[in-house]
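Asks: Following is a predicted model, sequence given first.
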Amino acid sequence: MLPPELPPLPALTRAEGELIDRYLEAADLLGRINPARPGDTYSGLRAAQALVRKAAELRDALALMHRRGEAELHGDTLARALRVLDGERRTARVVLPPDCVG
């Protein structure tokens, strides 16, 4: 059986697509660094080092949008793109995990 087909990505400018991609990459790295999640310091360190580069790429994507006159972020459209690209799962690791008080 085939997996369910994902909805199509909304129409994005190239710069908006770049913004979404860089944002999700940065979120993935922040999730790896999250001190409330189990893991080792070395992988967190590596993720933090990579985050510096991804933050610069995210800045560059926003700067490109600004230079091209794309002054407004269309939240509804960008949120749909994030959902199609599994953004809810990818950003969930950034928040605190639910309390495990027993």
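Replies: That came in fine, so what should we check first?
Asks: C-alpha only now, for contacts and for neighbours.
Replies: Will do.
Asks: Outside of stretch 43-61 itself, which residues are in contact with it?
Replies: Here stretch 43-61 makes contact (Cα atoms under 8 Å, 6 or more residues apart in numbering) with 15-16, 18-19, 22-23, 25-26, 29-30, 32-34.
Asks: Please apply the same query to stretch 21-29.
Replies: Stretch 21-29 is contacted by residues 47-48, 50-51, 54-55, 57-58, 61, 87, 90-91, 93-94 when judged by Cα under 8 Å, 6+ apart.
Asks: From residue 99, how far off is the residue nearest to the spatial centre of the chain?
Replies: The centre of the chain sits closest to residue 24, judged by Cα atoms, centre = their mean, with a distance of 1.7 Å. Going from residue 24 to residue 99 by Cα to Cα, to the nearest Å gives 25 Å.
Asks: circling back to that earlier point, show me the two of the contacts of stretch 21-29 that sit farthest apart.
Replies: Farthest apart among the contacts of stretch 21-29 by Cα to Cα are 61 and 93. That separation is 23.4 Å.
Asks: between these two, which one's more packed in?
Replies: Remark: of residue 61 and residue 93, residue 61 carries more neighbours, 22 against 19, as counted by other Cα atoms under 10 Å.
Asks: Please, which helix or strand holds the more buried one?
Replies: helix 41-67 (DSSP states H and E).
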